[in-house]
Every structure is written in structure tokens, then in C-alpha cells.
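In: below is the structure, and that's it, no one-letter string:
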């Protein structure tokens with residue numbers, strides 16, 4: 001795995017996050033955000049993908065907002 005591309009919108013409190021993580025030179029990345037802002041929400045999206053529950057990903061506050069999520073590996 002050399003590259004992971006993510007594109008999230010309205011996922012567990014993440015209003016919008018689009019980023020390409022390149023692991024070809026370094027095997028890890030540091031993600032910083034103040035407590036309660038993003039890290040747990042990011043983990044919940046990856047956990048839902050891992051468990052096959054992609055249909056359950058949604059915003060926790062604004063339940064009527066459309067949710068978009070995409071994770072691509074080595075694309």
C-alpha cells in the first residue's frame with residue numbers, strides 16, 4: 001500500500017475532508033486536530049469500512065444531510 005485517497009463529507013461530524021496520503025517514503029502520517037474535532041470521526045469512518053457498514057455512515061447531528069465517503073487504496 002503506497003497511497004490512500006479519502007474524500008469525506010458529512011461523516012460523523014466531518015463536514016469535509018479530502019486528502020491523499022502517500023506512504024511510499026514514510027509508513028505513517030501525523031494527523032493533528034484539537035480534542036473532539038476530527039480524529040474519532042475519522043476512525044469511525046475507517047471502522048465502518050472495515051466492518052462492511054458503509055451504509056450506516058452519516059452525520060450525527062444533521063441527519064438529513066447527504067453523506068459522501070470514498071476511500072481508495074493505491075489508485
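Out: Now that the structure is in, tell me what you want to look at. The structure presented is a predicted model; accordingly, all values stated were derived computationally and were not measured.
In: so which elements touch the helix or strand of the chain with the lowest mean pLDDT?
Out: The element with the least model confidence among the helices and strands of the chain, by mean pLDDT, DSSP states H and E, is helix 39-50, at a mean of 93. For helix 39-50, the contact count by 3 or more Cβ pairs under 8 Å, 6 or more residues apart in numbering; DSSP states H and E identifies strand 68-73 as packing neighbours. In this view, the C-beta of every residue, glycine as well, is placed from N, C-alpha and C.
In: what packs against the strand it packs on?
Out: In terms of contact count using 3+ Cβ pairs under 8 Å, 6+ apart, strand 68-73 is assigned the packing partners strand 3-9, helix 39-50.
In: the least confident helix or strand of the chain to strand 3-9, inter-axis angle?
Out: In terms of direction (axes from the mean of the first three to the mean of the last three Cα atoms, to 10 degrees), helix 39-50 departs from strand 3-9 by 110 degrees.
In: if we can go back for a sec, ok, which of the helices and strands packed on strand 68-73 comes nearest residue 29?
Out: Between residue 29 and those, the tightest spacing by Cβ to Cβ is seen for strand 3-9, at 9.1 Å.
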